[in-house]
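**Q** Here is the input, now give the coordinates:
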Amino acid sequence: MNRTRARLVLVDTSPGYREYAPPARLAAAVSCTWLRVEPVTGGPPTRVLPDGCVDLIWESGRGVYVAGPDTGPVLAATPPGAVLAGVRLRPGAGGPALGIPLSALLDQRVDIGDLRSDLLASPGAALDRQLPGSLPPGAAMRGLTSIAARMVAAAPPDPLVAEAAQRLGRPGSRVHRVAAELGISQRQLQRRCCAAVGYGPVMLSRVLRFRRFVSRVDAGQRQPGDLACLAAEAGYADQAHLTRESNQLAGLPPAALARARHALPVSAEDEPATPGTAGR
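**A** Just a heads-up that it's a prediction; the model follows:
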């Protein structure tokens, strides 16, 4: 599905999901900021797909937590009327910004106050106190963006991992070739990816390839039934390969996932965009 990107000026608190381009100074580390408002009548759980990113999330009534790197689908239930604001950190940015090896947060949602203060990067150490769940949404989003800016300024993304993610996001990429092009061993690339992204380059390559498929479905470049072409364009060996990956990474076969995503209005998207384009 198409997404309209705009700089955040006023916070729209009508029900739905919206993404905003980050400030230019944060573009290397932040994919987007976003806001999600649940209808007061509630709704079904959100199917969140892996994307190689890490999100700092403020939720009304709860406060700030970290959505760690996912290796499979997450069905996230949100209370009726809840407001969520987020800052999405690009692959390679989350580990340095938080000051934590992201492998420790794999497939987890962790309240910021539960992270050890001696490990959490100092600019974000008081996030739970600075951004309580009682804040108005606009103030929470501005505060979250400001603190994220301080965190990435104090600890910028790992440049090697960020470059590896860009290269692994291209169709036909191979981990051993990327490591060779970057002048490091596959073992060193594995170690640095696990620290900065949460998992190794093989998993990152799988996730980014799947996000290429999802972005094509969202953009409506082909009909959802044209899965063989979509699979080839995204870099899969064949449609069966795409089906296996979709079942593992999305919990649905590709045709069902495409139908589900096209059934949603743009303002209520359930997953963000692909890293390396405009967002998750």
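
**Q** Helix, strand, or coil at the closest residue to Met203 other than its chain neighbours?
**A** Nearest residue to Met203 in three dimensions, chain neighbours excluded: Thr71, at 6.5 Å (CB to CB, 6 or more residues apart in numbering). Placement of C-beta: from N, CA and C, glycine included. Here Thr71 is recorded as coil under DSSP: H, G, I helix; E, B strand; the rest coil.

**Q** Surely Thr71 touches Pro50?
**A** Yes - applying CB atoms under 8 Å as the test, Thr71 and Pro50 come out as touching, 6.0 Å apart.

**Q** Give me the common contacts of those two.
**A** Here Thr71 and Pro50 share the contacting residues Leu249, scored by CB atoms under 8 Å, 6 or more residues apart in numbering.

**Q** Those two - which one has more neighbours?
**A** Taking other CB atoms under 10 Å, Thr71 and Pro50 do not tie; Pro50 has more neighbours (26 against 16).

**Q** And the pLDDT for that one?
**A** Looking at Pro50, its pLDDT is 97.

**Q** So it belongs to a strand, correct?
**A** No - the assignment for Pro50, made by three-state DSSP, is coil rather than a strand.

**Q** Now it: phi and psi?
**A** With angles defined as degrees, to the nearest 10, Pro50 sits at phi -60, psi 150.

**Q** measure it to Phe210 for me?
**A** Using CB to CB, to the nearest Å, Pro50 is found at 7 Å from Phe210.

**Q** repeat for Pro157
**A** Taking CB to CB, one finds Pro157 at 22 Å from Phe210.

**Q** Check Gly92 too.
**A** In terms of CB to CB, Gly92 sits 18 Å off from Phe210.

**Q** ok, those two, which is more surrounded?
**A** Ranked by neighbour count (other CB under 10 Å), Gly92 and Phe210 place Gly92 first, with 31 against 25.

**Q** roughly how far apart are the residue nearest to Met203 and Ala165?
**A** 16 Å.

**Q** again, but for Pro50
**A** For Pro50, the distance to Ala165 equals 13 Å [CB to CB].

**Q** List the residues that contact the residue nearest to Met203.
**A** Thr71 makes contact with 50, 106-107, 199, 203, 249 under the criterion CB under 8 Å, 6+ apart.
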